[in-house]
Each structure stands twice: as structure tokens, then as C-alpha cells.
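sequence and predicted structure, then a few things I'm wondering about:
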Amino acid sequence: MEYKSTDIKKIIEAILEQKKDKGGVKSLYFVGCGGSLGALYPAKTFMERECAGIKSAWINSNEFVHSMPKDFGENSIICLACHKGNTPETIRAAALGKEAGAAVIILTWLQESEIIQYGDYIVRYDFGEGKDIAGEKTICGLLVAAELLNQTEGYENYDKFLQGIGMIDRIVKNACKHVEKRALVFAENHKDDKVIYTMASGAGYGAAYMESICIFMEMQWINSNSIHSGEYFHGPFEITDANIPFVIQISEGSTRALDERALKFLKTYAKRIEILDAKDLGLSTIDSSVVDYFNHSLFNNIYPVYNQALAIVREHPLTTRRYMWKVEY
Ligand SMILES: N[C@@H]1[C@@H](O)[C@H](O)[C@@H](COP(=O)(O)O)O[C@@H]1O
């Protein structure tokens with residue numbers, strides 16, 4: 001049976017019921033590769049900050065296969081993301097989940113794929129032109145976390161969190177329009193750059209990570225690194241000068257102070273700074289108790305406006321690869 005994001009509440013109810021006489025759910029693992037792993041980053045930060053009694057971790061699929069957490073087993077949930085369901089490392093991690101007796105939730109896009117056979121619950125997320133941001137894999141991952149918390153320890157901001165989900169699609173779509181012109185200017189100004197850094201903190205860091213590894217490096221062959229705004233002052237800031245370009249996410253919520261500190265430094269010593277401010281982009285309308293977790297959906301969905309523009313100006317289509325899916329690796 002195939003599920004949607006709106007079924008995640010029922011999925012968690014079913015898992016808790018099934019595990020109730022076996023000691024319940026003690027751990028939740030988020031597993032995937034590349035962009036699929038990055039998309040689960042907000043769920044990781046949610047569990048770390050909001051949940052006191054359930055262990056959680058965010059692990060690359062191959063690392064999970066080779067270095068599995070000791071407690072992983074029938075008291076665990078493994079939530080994997082795999083877009084087309086054919087990434088070997090993620091398939092292997094799902095198979096190990098099934099073998100271990102964990103509840104296996106697979107977030108995916110294609111209806112039929114190799115990974116499906118290993119999932120107890122196959123959640124098909126929204127993707128592509130006109131998608132509902134509230135149904136994307138990032139929100140699915142967050143819902144797995146929020147439902148698990150709410151149905152076990154309780155989550156005091158659960159209603160506000162659901163309200164946020166109801167608001168995110170419109171916020172993102174307005175923000176995309178808002179950055180259209182800026183994105184064209186950015187593309188023109190950065191078309192010859194050999195390196196572009198991203199910077200971010202908090203739950204939105206996953207979006208910066210994805211932009212660095214999946215877009216600048218994978219799809220545009222531009223050197224990059226996603227610098228954590230708090231970590232910037234502990235090494236990376238030494239490369240700052242007037243010529244080095246940065247894209248900095250100024251998040252809404254608890255880690256905004258970290259981003260603002262980094263921006264202040266950039267404004268003093270750098271010249272080429274693209275500022276993506278969640279406040280200017282409309283995220284502040286979401287309640288402050290839950291807004292942190294929506295930064296990723298906002299930033300990760302405005303980047304494509306920039307990416308399309310950059311790919312056109314650079315005459316380097318986003319589909320171009322040298323190695324991925326072409327050679328053995
Ligand atoms: N940019 C990502 C890659 O980082 C990832 O390796 C690949 C496989 O992902 P998935 O397992 O979700 O199909 O997909 C995308 O292209």
C-alpha cells in the first residue's frame with residue numbers, strides 16, 4: 001500500500017501499536033544519500049532539540065550499512081529517503097532494517113522500484129512542477145519525527161507545527177517569485193566563478209549542504225563547501241576576501257543570531273555576498289515556537305530559481321554529469 005504525507009500520523013500509530021508489547025520505539029534513524037539525506041536534516045534537528053527520550057541520528061546510507069548503531073533493531077524506526085528507489089547503498093540499508101525487525105518507512109517518488117520490497121510503509125512525496133511543498137520529503141521526514149514525539153512524550157507545539165505545514169506552500173511560492181530578478185543578477189555575476197560557498201545554521205543547514213554538494217558541485221562543477229555559520233569563525237573565515245563569493249541563509253528562529261554574526265563579519269571583509277533572509281522572504285508568519293523547522297523548505301525551494309538561471313547563463317544544464325550513473329563507483 002502506498003501512503004502520502006497526510007497518512008504519517010496513522011503510520012506512526014500503527015508502528016507504536018505493533019511495538020507496544022515489544023518494548024516500544026526507542027530509536028529513530030534518518031538514512032539516505034546526498035540530496036535525500038540533506039532533505040532529512042530538519043527532522044534530525046527536530047529530534048535533537050524537541051525529544052528527550054528517543055534516540056535519533058542522521059546517517060549516510062553506506063555509513064549505516066558499515067557502521068550500524070548498536071541499538072538498531074526491533075525497537076527502532078528507520079526512515080529512508082530515496083528518490084527513484086535505486087541507490088544501492090540505500091536499498092542495502094532498507095534491507096538491513098527489514099532483517100533487523102525495525103519498522104521501515106521509505107520516502108520515495110516512483111511507485112515501483114527496487115527499494116519498495118524492503119519497506120513496511122512506502123510514502124510517496126510530492127515532487128516536480130507545481131508540487132505542494134507541504135507534501136515534500138522534508139515535511140514527510142519532519143512529520144515522522146513530530147508524530148513520534150507527539151504520540152509518545154507529547155509535543156507541546158504540535159498544533160502550531162501543523163499550522164506551519166498549512167502555511168509553507170504559499171510562503172515558498174511567494175518567495176520564489178520574490179527572488180526571480182535577483183537570481184538572474186546572481187547568475188550573471190557568478191557565471192565565471194570557480195568556487196561559491198554557502199553558509200547556514202540550524203534546521204536550514206540541510207538546504208545549504210544540498211546546494212553545495214548537489215548543485216554547485218554535482219550539477220555545475222563549481223567548487224563549494226557548506227559552512228556552518230557558527231563554525232565559520234573557527235577556520236573558514238580565513239579565506240574571506242573581496243573576491244570570494246558567499247550565499248548566506250539568514251534563518252528565522254533560534255539560530256538566527258549565528259547567521260547574523262557571520263553576516264556582520266562578511267559585510268566587513270567580503271564584497272560578494274548573496275543574502276537569503278527568511279524574514280524578508282515571509283517565513284516569520286509561522287509561529288516562532290516552530291519556525292526553525294521550516295527554514296529548510298523555504299531555502300531549498302528558492303535555490304532552484306537561482307540554479308535554473310545559473311545553468312542557463314553558464315550553458316551547463318543541471319542534468320550534466322561526468323561520473324554519476326555513468327561509470328562504476
Ligand atoms: N543530487 C542527488 C544525489 O546527491 C544523490 O546521490 C542521488 C541519489 O539519490 P536517491 O537515493 O534519492 O535516488 O540523487 C540526486 O541526484
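Sure, I can see it.

tell me what the helix or strand residue 306 falls within is packed against?
Using DSSP states H and E, residue 306 sits in helix 295-314. Judged by 3 or more CB pairs under 8 Å, 6 or more residues apart in numbering; DSSP states H and E, helix 295-314 is in contact with helix 41-50, helix 137-151, helix 158-178, helix 180-190, helix 205-210, strand 246-250. In short, each C-beta sits where N, CA and C put it, glycine included.

now distance to residue 34, mean pLDDT and mean neighbour count too, for the ones you listed, in JSON lines please.
Converted to JSON lines, these look like this (distance: least, CB to CB, whole Å; pLDDT from 0 to 100; neighbours: other CB atoms under 10 Å):
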{"stretch": "helix 41-50", "distance to residue 34": "12", "mean pLDDT": "98", "mean neighbour count": "22"}
{"stretch": "helix 137-151", "distance to residue 34": "13", "mean pLDDT": "98", "mean neighbour count": "26"}
{"stretch": "helix 158-178", "distance to residue 34": "22", "mean pLDDT": "98", "mean neighbour count": "17"}
{"stretch": "helix 180-190", "distance to residue 34": "22", "mean pLDDT": "98", "mean neighbour count": "16"}
{"stretch": "helix 205-210", "distance to residue 34": "8", "mean pLDDT": "98", "mean neighbour count": "28"}
{"stretch": "strand 246-250", "distance to residue 34": "19", "mean pLDDT": "98", "mean neighbour count": "26"}
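
nearest to residue 320, of those?
Closest of the helices and strands packed on helix 295-314 to residue 320 is helix 180-190, at 16.1 Å (criterion: CB to CB).

quick one, the closest one and strand 246-250 angle?
150 degrees (axes from the mean of the first three to the mean of the last three CA atoms, to 10 degrees).

can I get the CA coordinates of helix 180-190 in PDB?
C-alpha atoms of helix 180-190 as PDB (Å, rounded to 0.1, in the frame of the first residue of the first chain):
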ATOM      1  CA  GLU A 180      13.300  35.800  -9.600                       C
ATOM      2  CA  LYS A 181      15.100  39.100 -10.600                       C
ATOM      3  CA  ARG A 182      17.800  38.700  -8.000                       C
ATOM      4  CA  ALA A 183      18.500  35.200  -9.300                       C
ATOM      5  CA  LEU A 184      19.200  36.500 -12.800                       C
ATOM      6  CA  VAL A 185      21.700  39.100 -11.400                       C
ATOM      7  CA  PHE A 186      23.300  36.400  -9.300                       C
ATOM      8  CA  ALA A 187      23.700  34.100 -12.300                       C
ATOM      9  CA  GLU A 188      25.300  36.800 -14.400                       C
ATOM     10  CA  ASN A 189      27.700  37.900 -11.500                       C
ATOM     11  CA  HIS A 190      28.800  34.300 -10.700                       C
END
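
from the chain's centroid, how far away is the following helix or strand past it?
Proceeding N to C from helix 180-190, the next assigned helix or strand is strand 197-200, under DSSP H and E. On the basis of CA atoms, centre = their mean, to the nearest Å, strand 197-200 sits 14 Å off its chain's mean C-alpha point.

paired strands for strand 197-200, with orientation please.
Counting by DSSP bridges, the strands paired with strand 197-200 are strand 226-228 (parallel), strand 246-250 (parallel).

give me the number of residues near residue 201?
Residue 201 has 29 neighbouring residues, counting by other CB atoms under 10 Å.

and residue 102, by the same measure?
The number of residues packed near residue 102 is 25, by other CB under 10 Å.

what sits closest to it if chain neighbours are left out?
residue 76 (4.2 Å; CB to CB, 6 or more residues apart in numbering).

thinking again about what came up before, JSON lines for the helices and strands packed on helix 295-314, including distance to the ligand?
Output for these, formatted as JSON lines (distance: least, CB to the nearest ligand atom, whole Å):
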{"stretch": "helix 41-50", "distance to the ligand": "13"}
{"stretch": "helix 137-151", "distance to the ligand": "9"}
{"stretch": "helix 158-178", "distance to the ligand": "20"}
{"stretch": "helix 180-190", "distance to the ligand": "20"}
{"stretch": "helix 205-210", "distance to the ligand": "7"}
{"stretch": "strand 246-250", "distance to the ligand": "17"}
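
how about a markdown table for those, with distance to residue 118 added?
Shown next, in a markdown table, are these (distance: least, CB to CB, whole Å):
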| stretch | distance to residue 118 |
| --- | --- |
| helix 41-50 | 20 |
| helix 137-151 | 17 |
| helix 158-178 | 28 |
| helix 180-190 | 39 |
| helix 205-210 | 24 |
| strand 246-250 | 34 |
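
next, the angle helix 137-151 makes with the helix holding residue 306.
Angle, helix 295-314 to helix 137-151, by the same axes, to 10 degrees: 170 degrees.
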